[in-house]
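J.: predicted model and sequence below, questions to follow.
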Amino acid sequence: MGSRASSLLREEEIEEIKKETGFSHSQITRLYSRFTSLDKGENGTLCREDFQRIPELAINPLGDRIINAFFPESEDQVNFRGFMRTLAHFRPIEDSDKSKDPLVPEPLNSRNNKLLFAFRLYDLDKDDKISREELLQVLRMMVGVNISEEQLGSIADRTIQEADQNGDLTISFTEFQKVLEKVDVEQKMSIRFLH
Amino acid sequence: MALLIMSRCSMWIGIFLLFELLAGGSLFAETVWDSPKAAGRSNNESLHWNPVTSSRQPESKAIQPVWSLEHEDNQTTSTDRLKIFSLDYHHVQVPFEITLWIMLASLAKIGFHLYIKLPSIVPESCLLIIVGLIMGGIIYGVNGRSAPVMSTDVFFLYLLPPIVLDAGYFMPSRPFFENIGTILWYAVVGTMWNVFGIGLSLYGICQIESFGLKDISLLYNLLFGSLIAAVDPVAVLSVFEEIHVNEQLHILVFGESLLNDAVTVVLYKLFKTFCIMPSVGVSDILIGIIKFFLVGFGGLLVGIAYGIIAALTTRFTENIRVIEPLFVFLYSYLSYLTAEMFHFSGIVAIITCSMSMKRYVEANISQKSHTTIKYFMKMWSSVSETLIFIFLGVSTVGDKHEWSWPYVCFTMLFCLVWRAVGVIFLTFIVNKVRVNVVTTKDQFIIAYGGLRGAICFSLVFLLPNFPQKKLFTTATIVVIFFTVFVQGMTIKPLVELLEVKRTSQAPPTVSEQIHIRFLDHLLAGIEDICGHWGQYYWKDRFENFNNKYLNKLFIREQHLSKSSIVVLYQKLEKKHAIELAEAGQLVGAPSLASLPDEETAEVSKSPVPSEQFDNIQELLIRNLYRIRQTMPSYNRHTLPQGKNTNQAKEIFLRRQESLLKDDGVLNIMQRRSICLADESQKKGKLARSLTVGGYGGNKSNSANHSPKLPKSMSVTPQQPHRTEWINEEEPEDLQSSNETDIHQKGEDEDRNNTENKIPGPKLKLRFASQDTLKNGL
């Protein structure tokens, strides 16, 4: 298993991914073997069905959205680079990532980028705002069947009211960030077992 | 309300009567045993029981057998006539008393749980010990001496194995193996640290003249240290149930308490032998070290051997389903006894046996056997635990004690101190190599949760009779009581106190709640995509080996390829297909409302009133789906993970509905829902590929995809607790025969693809029979 994985992933690719995402060498090889194990068609890319085969995703309320997040706009296949790029958002933040230089673009796993990733999962139409509808959809996915539509509606209303500062009755990204400022996003959005 | 009070009163009266019965019964039995003295006494007692028997007391030693009319001439009654009614307690004494004890234990348990608040304040173990103390007091008072109810044999051979088996069988294997290094580190090194620390410091105390303990030698102190240092799994389990700690912490304490048995056994026996030997040489110490490894690995091997045999056996039990559960229990118990026979660690053996056989056995046995095993195990371990604590209380009362203030107090002090120091020191070292560090709060809980229990007590009883035995007994009992009562009762408030200190004071707002839950689900999903096991090279190797060879060997042919999620998929789809066929057409699912332009309601401008706010909070707390389980799934009183079945099913069904609905209305709605267009298209394809083996009109692209789906899904290892819920809910009306039993397919790598092609056509065939139903679509 080990030999098969590394023979398909060249050193320079690993280096590039390392630079782009910040994962270490061993982490990349490990994730590559996971990638290949998910890839049934063995063509070096993953399609949605490959993700759906993961049973825990089937019972995750956000399963479909998470899967969609891996696929770039209107594509059906994701290669290893894309896979890693998405996963890079969830790399635990290390001190080496925090650079004070404003010119250097933030690494993919910075707090802002993590939040942006989450924001995009809410915001399906990509207008940089979470409307009441989008919020309702997510809510509906996340709650059980014992909640009525009006209750859901009032929850959504309340959520928007708490977050909304400019009165446009939608949640923008800055408002979203503000709501979550007390939450330890770095810890909540970091995979816990990679080392 | 009055009814409640009445029922409670009647229950307590019943328990009280039981007390009397037991006390009287054992007394009665005593009188029957000690015949000469008792003849006189039994007169009075039998009056209590039965007027008939008293008439024939004078000569008889034993009570006349009830139904033998012809023999026993020497024990004559005054007549040979037929007795209408007579009592023969002696005949049924042993099973009768055992049953009464168990009955008492169970009724006491019911009693505690009637007071809803009580178990959360006082852990059950404490309450049971109190009941035992009361019983012991009664028996002592009535009898003049303590009841000999718990011998060490009874404890080690009958009471302890069910508990350990239960623990091993339901042990969540993923966290266990992930943390196995740390667990072993704590169990082995930690226990030895404790033993030598406590032993040596007590020896130091004994050297102090003023305490008058100079006669206890170093070896005896070490012996005492070895039996008092061991953390007891029974006590730990019963207390940790009440406090909800995270999975990792739970498995650390729990695993440590189970595995330190090996160390304890070795050291205890070693020191016991040394105490008897006239002199101790270096070679003896070396032998001791060798023995240590032998005990551990021996137990391991015995367990694995029996596990393998059990797995093989269940492969052939297809035609006699009813005794399948028996094999699990028999083999586990045998492994325990075999290990004990060789003086290996029985606990390690039984744990290894249950863990190794579990996967294969569950693949082979039927669903009902599976349920039976689980329920029986829970029942037995519950009864055992209850009995242990009650007997602990009963055996305390007696005249085997000798009190020595300094020794007892210092023992307690050293137990606490050494454990705390040990945990801190060991954690410091182990945190350097761990990914998920053991936090300070965790360390506190580990140190504080080091409860001693019945194992120490039994080991103390096993000691040979030497002058200080009574002192040791007293000290052990005091430590046990202290840890169980004081530490057991205060650990929960302390944990909560620590929690409160860390979290912010303000309650989370609704937004925060929702978003946090959102992030949790997201993280859980991403982690599942990344796969948890893959990071361990050896685990992957083992999985490959397992799939190539072991599964074929142990698991019956047609069960090889199914994983429980797949089967659930199939079931739900079949159900769905049937429903749709009956309904005749796709009925608009409620999720139609998810399309944006159906809803035109605006966000209400007025702020939501505060009482509604509280309602909302409550609603959310109750209704938000829980994230993938990170709480310990092992629970003494309930079967694992019964509750999340509904949640998972709801999510699953809703998803299926929305997928199919979107697909069905795809063409109509495509224009109207701009923002969902991409979604639904993608979903449509999803729906097509998700259908297994043909589903109504959506067959176009699925042909080449569907064979792959039901087979080896790249299943991240399904922890036993997670897939439990699927097993619980198999509907009886399933068309497929009983043979398509759901089993837990642990880890299933995809290199199996080729090997599992054979079951593929079978699956298709099963669906083919349903095609006639679906033709309506």
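T.: That came through, no problem.
J.: okay, now the unreliable bits of the stretch 51-200 of chain B?
T.: The model of the stretch 51-200 of chain B has pLDDT under 70 over residues B:51-79, B:116, B:118-119, B:144-150.
J.: can you name the residue of it nearest chain A?
T.: Closest approach between the stretch 51-200 of chain B and chain A, counting by CB to the nearest CB: B:Glu178, at 7.9 Å. Using the backbone N, CA and C atoms, a C-beta is placed for each residue, glycine as well.
J.: and the end-to-end length of stretch A:165-180?
T.: End-to-end distance for stretch A:165-180, by CA to CA, to the nearest Å: 14 Å.
J.: hmm, I was thinking of stretch A:171-187
T.: 23 Å.
J.: buried set for that stretch?
T.: For stretch A:171-187, the neighbour count (16 or more other CB atoms under 10 Å in any protein chain shown) marks A:Ile171, A:Ser172, A:Phe173, A:Glu175, A:Phe176, A:Gln177, A:Val179, A:Leu180, A:Val183, A:Val185 as buried.
J.: check stretch A:138-155 too.
T.: Neighbour counts over stretch A:138-155 (16+ other CB under 10 Å) mark A:138-144, A:147, A:151-155 as buried.
J.: ok, which of the residues you listed also contact chain B?
T.: A:Val138, A:Leu139, A:Arg140, A:Met141, A:Met142, A:Val143, A:Gly144, A:Ile147, A:Gln151, A:Gly153, A:Ser154, A:Ile155 (CB under 8 Å from any CB of the partner chain).
J.: hang on, the earlier thing: from the buried residues of stretch A:138-155, which one has the minimum pLDDT?
T.: pLDDT across those is lowest for A:Gly144, at 73.
J.: low-scoring stretches of the stretch 451-600 of chain B, by residue?
T.: Filtered on pLDDT under 70, the stretch 451-600 of chain B yields the residue ranges B:500-508, B:532-541, B:557-576, B:580, B:583-600.
J.: break down it into its helices, ranges please.
T.: Counting by DSSP state H, counting those that start in this stretch, the stretch 451-600 of chain B has helices at residues B:454-462, B:469-481, B:488-502, B:510-530, B:537-545, B:551-554, B:564-583.
J.: helix/strand/coil for the most centrally placed residue in chain A?
T.: Residue closest to the average C-alpha location in chain A (CA atoms, centre = their mean): A:Phe117, at 5.1 Å. Of the three states, A:Phe117 takes helix under DSSP: H, G, I helix; E, B strand; the rest coil.
J.: ok, it to B:His521 distance?
T.: 14 Å (CB to CB, to the nearest Å).
J.: C-terminal to the least confident helix or strand in chain A by mean pLDDT, what's the next element?
T.: Ranked by mean pLDDT, DSSP states H and E, the helix or strand of chain A with the weakest confidence is helix A:2-8, at a mean of 48. Once the chain leaves helix A:2-8, the next helix or strand it forms, by DSSP states H and E, is helix A:11-21.
J.: against which helices or strands is that following helix packed?
T.: Judged by 3 or more CB pairs under 8 Å, 6 or more residues apart in numbering or on different chains; DSSP states H and E, helix A:11-21 is in contact with helix A:25-38, helix A:80-88.
J.: format these as CSV; extra columns: mean pLDDT, mean neighbour count and distance to chain B.
T.: Shown next, in CSV, are the helices and strands packed on helix A:11-21 (pLDDT from 0 to 100; neighbours: other CB atoms under 10 Å in any protein chain shown; distance: least, CB to the nearest CB, whole Å):
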stretch, mean pLDDT, mean neighbour count, distance to chain B
helix A:25-38, 83, 19, 5
helix A:80-88, 87, 19, 7
